[in-house]
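Participant: test case, fold it:
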Amino acid sequence: MRLTELPNGASGRVCELSGKAEVCQRLREMGFCESAVIERVSGERTLLCQLCGTRIALSDRAAEHIVVELIRGGL
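Facilitator: Sure thing, here's the model as predicted:
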């Protein structure tokens, strides 16, 4: 599922990044690399995520490029 589909409060593991190489590279630089565990904290158009102990705001367009597998369900 895409990160935008992960419910608020749920955790997922990044499986892959899709899209243009430049976008994927920028996401990796921000810490969204394969096998990273991410928690979606809140948001719809702008997603607030927790990654490696840091909260990061991410646009829904950028989040569409992140494919995750559900680890723990949300609220």
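
Participant: so which elements touch the top helix by length along the chain?
Facilitator: When the chain is parsed with DSSP state H, its longest helix is helix 21-29. In terms of contacts (3 or more Cβ pairs under 8 Å, 6 or more residues apart in numbering; DSSP states H and E), helix 21-29 is packed against strand 11-17. (Glycine included, C-beta is placed from N, CA and C.)

Participant: can you tell me what sits against the strand it packs on?
Facilitator: The contact list for strand 11-17 (Cβ atoms under 8 Å, 6 or more residues apart in numbering) reads 1, 3, 6, 23-24, 27-28, 32-40, 65-72.

Participant: the residues you listed in helices, which ones?
Facilitator: When helices are assigned by DSSP H, the members of the contacts of strand 11-17 inside them are 23-24, 27-28.

Participant: now the contacts of strand 11-17: which count as buried?
Facilitator: If you count burial by 16 or more other Cβ atoms under 10 Å, the buried members of the contacts of strand 11-17 come out as 3, 6, 24, 27, 32, 38-40, 65-68.

Participant: max pairwise distance over the residues you listed: which two?
Facilitator: Pairwise distances across the buried ones among the contacts of strand 11-17 (Cβ to Cβ) peak at 21.0 Å, for the pair 24 and 39.

Participant: might one say that residue 51 is in contact with residue 41?
Facilitator: No: at 10.2 Å, residue 51 does not count as touching residue 41 under the criterion of Cβ atoms under 8 Å.

Participant: where does pLDDT dip in this structure?
Facilitator: The model of the chain has pLDDT under 70 over residues 74-75.

Participant: in it, which spans are strands?
Facilitator: Along the chain, counting by DSSP state E, strands occupy 11-17, 37-42, 46-51, 54-59, 66-72.

Participant: mind giving me the packing neighbours of the third one?
Facilitator: It stands for strand 46-51. Partner elements for strand 46-51 (3+ Cβ pairs under 8 Å, 6+ apart): strand 37-42, strand 54-59, helix 60-63.
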